[in-house]
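**Q** need a structure here:
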Amino acid sequence: MHSNIVNTGITLKDVDGYDITSSYPAQMNIGYYPMTPFKPLYDFDIDEVIDKYCCIITAEFYGLKRKTSISYESLHKTIDISKKTIISVSGKPKEVIDGLIDNGRIAEAKYVKVCLTELDYKIYKQLYTWDDCKIRCLYVSDRGRLPKFILNVLNRHYKKKAALKKAGLSETVEYAITKALVNAAYGLMVTRLNLNKVVFKDGEWSIEEDAIDYDKERKKQILLPQWGIWVCAQARFSLMMPMFEIIKKYGASVIVYNDTDSNKVIDKDGGIAKIFEKYNKWVYKRVLAAGLTDEEFNDLGQYEHEGNMKKYKHTYTRFKTLGAKRYLSEGYDKKGVFGVHATISGLPKAAVHNIKGDPFEEFNEYGMTLSFEVSLKNTVSYIDHPTEYLFEDGALMQEITSAVIYPITFSMNLDDVYKKMVQNTIERMQKEKRYGD
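**A** Take a look at the predicted model:
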């Protein structure tokens with residue numbers, strides 16, 4: 001989802017943030033995974049199959065439409081989507097998507113073809129309606145837990161990481177190394193096989209594409225890519241589980257933003273906090289059932305309330321988003337320090353402190369351009385030919401290849417269709433006198 005359109009482009013007050021503690025390691029321990037070769041099914045009831053097997057589903061949806069203001073499926077994940085031809089401003093025919101795209105996510109479409117896991121299909125059932133769905137291809141695998149040779153190594157590193165964090169050593173090099181080792185357990189599963197061969201001959205480098213046989217390389221692997229795919233699928237579904245209950249009880253408008261392992265919500269009466277607490281108890285039971293009884297695993301996979309509740313009841317005094325990986329927040333951190341923080345793709349976090357005036361006003365749907373003095377943003381240019389530089393003292397520096405790092409301006413713009421959606425939201429909120437609530 002990322003950004004809920006009904007809460008996009010407006011400065012919200014009293015927003016709460018919840019982060020999942022080590023989402024991927026948690027799902028590797030408590031989730032299920034495909035443990036047998038996938039085989040095709042031809043005669044099936046899809047609603048029965050998705051509760052029994054790990055599934056790879058190729059589905060075609062007709063008349064797909066979101067149930068609420070939340071758009072879930074990413075456009076770039078679709079295999080095919082309906083399009084129509086229009087006449088552009090220049091008078092030339094132009095092919096566009098026949099539907100509504102909400103910041104890169106599908107709000108509605110006449111036709112969509114996608115590849116899903118059974119967990120994704122369950123999310124579709126919660127967040128979308130459709131006129132018809134045709135399952136064109138279905139492969140299934142028996143479920144099981146990840147092998148001990150993965151979990152034993154993962155949990156050894158995780159236990160050390162948790163102990164270092166508890167001891168207040170999360171800023172140390174040792175913690176960073178241990179955290180990288182924990183993350184590697186998932187990363188190694190989804191590392192793409194490099195089938196190209198790099199050759200150095202007669203003083204020249206060359207690349208032979210697809211020179212290495214895929215089937216031979218695949219047989220050498222001990223970490224399967226389908227396990228990595230299901231880690232992500234399990235994490236997506238677990239992220240949405242509390243959301244389903246929140247939508248049912250409070251409606252989708254209280255959901256502001258979510259990402260891989262975090263949710264931002266508007267919780268006026270404390271009821272949403274209880275939903276997260278209920279989810280945490282469910283996760284804790286599964287962690288214990290997985291044999292992780294040491295105290296370092298007590299909060300594994302659980303939602304943690306961000307901010308400093310001793311200083312302020314909510315995580316953020318103000319919060320504003322303009323889409324995926326684009327939001328400003330204001331509040332107290334764990335150390336009790338109050339400030340404005342920016343998570344804007346491509347912009348250094350420190351740049352927000354260089355913006356003159358109120359950053360929440362400058363950060364708007366009309367776009368934002370910051371000079372390099374303000375943005376603190378650098379880029380790199382690579383020079384692939386020999387260069388030389390003569391210093392004033394007569395020293396000569398020669399390079400076969402080199403790189404130049406230099407400052408640049410930062411620009412942020414919204415797609416025209418998405419900008420219009422945001423502007424409509426702002427206008428409606430102003431009419432309802434709910435702007436900034």
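**Q** do you know how far the residue nearest the centre of the chain is from I212?
**A** By C-alpha atoms, centre = their mean, the chain has its centre lying nearest to T260, at 3.9 Å. Counting by C-beta to C-beta, to the nearest Å, the gap from T260 to I212 is 32 Å. In short, each C-beta sits where N, CA and C put it, glycine included.
**Q** Just to check, L127 is in contact with I70?
**A** Yes - the criterion here is C-beta atoms under 8 Å, and L127 meets it with I70 at 5.9 Å.
**Q** okay, those two: which has more neighbours?
**A** Per other C-beta atoms under 10 Å, whichever of L127 and I70 has more neighbours is I70, with 25 against 20.
**Q** which residues touch the residue nearest to the centre of the chain?
**A** 23, 235, 239 (C-beta atoms under 8 Å, 6 or more residues apart in numbering).
**Q** Return the member of the residues you listed nearest to I56.
**A** Comparing the contacts of T260 against I56 with C-beta to C-beta places A235 closest, at 17.8 Å.
**Q** Just want the phi and psi numbers for the closest one.
**A** Main-chain torsions, A235, degrees, to the nearest 10: phi -70, psi -40.
**Q** what about it, how many residues close to it?
**A** 22.
**Q** And the pLDDT for it?
**A** Note for A235: predicted pLDDT of 96.
**Q** Quick one: neighbours of K419, just the number.
**A** Neighbourhood size, K419 [other C-beta under 10 Å]: 16.
**Q** Report the buried residues of the host helix or strand of it.
**A** Using DSSP states H and E, K419 maps to helix 416-431. For helix 416-431, a neighbour-count test (16 or more other C-beta atoms under 10 Å) marks 418-419, 421-422, 425, 429 as buried.
**Q** Check which helices and strands it sits against.
**A** Packing contacts for helix 416-431, counted by 3 or more C-beta pairs under 8 Å, 6 or more residues apart in numbering; DSSP states H and E, involve strand 99-102.
**Q** helices and strands around the strand it packs on, which ones?
**A** Against strand 99-102 (3+ C-beta pairs under 8 Å, 6+ apart) you get strand 105-117, helix 416-431.
**Q** Of the buried residues of helix 416-431, which pair is most distant in space?
**A** Across the buried residues of helix 416-431 (C-beta to C-beta), the longest gap, 16.6 Å, separates Y418 and M429.
**Q** hang on, the earlier thing: I266: which of the buried residues of helix 416-431 is nearest?
**A** Looking across the buried residues of helix 416-431 and measuring by C-beta to C-beta, the closest to I266 is M429, at 12.9 Å.
**Q** I'd like the distance between that closest one and K419.
**A** 16 Å.
**Q** before we move on, what about N4?
**A** 16 Å.
**Q** and if you look at I87?
**A** Distance, I87 to K419, by C-beta to C-beta: 21 Å.
**Q** Likewise for T117?
**A** T117 is 33 Å from K419, by C-beta to C-beta.
**Q** need the helices for the stretch 151-300 of the chain, in chain order.
**A** 173-187, 214-218, 225-250, 271-289 (DSSP state H, counting those that start in this stretch).
**Q** A342 sits in which helix or strand?
**A** Per DSSP H and E: strand 338-344 holds A342.
**Q** That strand packs against which elements?
**A** Going by 3+ C-beta pairs under 8 Å, 6+ apart, strand 338-344 lies up against strand 326-332, helix 359-362.
**Q** A162 and K179 touch, don't they?
**A** No - applying C-beta under 8 Å, one finds A162 not in contact with K179, separated by 10.3 Å.
**Q** overlap in contacts of those two?
**A** By C-beta under 8 Å, 6+ apart, no residue touches both A162 and K179.
**Q** Which of these two has more residues huddled nearby?
**A** A162 (21 against 18).
**Q** Around the closest residue to the more buried one other than its chain neighbours, how many other residues sit close by?
**A** Leaving aside its sequence neighbours, A162 sits nearest to E296 (C-beta to C-beta, 6 or more residues apart in numbering; 3.8 Å). Neighbourhood size, E296 [other C-beta under 10 Å]: 16.
**Q** And for T343?
**A** When neighbours are counted by other C-beta under 10 Å, T343 comes out with 15.
**Q** what are the bridge partners for it, then?
**A** On the basis of DSSP bridges, T343 is bridged to Y327.
**Q** need the contact list for it.
**A** 325-329, 349.
**Q** The residues you listed, buried ones only, as a PyMOL selection?
**A** Selection command for PyMOL covering only the buried members of those, criterion 16+ other C-beta under 10 Å:
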select buried, resi 326+327+328+329
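**Q** In TSV, list the contacts of T343 along with pLDDT and distance to K220.
**A** Listed next are the contacts of T343 as TSV, based on pLDDT from 0 to 100; distance: C-beta to C-beta, whole Å:
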residue	pLDDT	distance to K220
K325	92	36
R326	94	42
Y327	95	43
L328	96	47
S329	96	46
K349	92	41
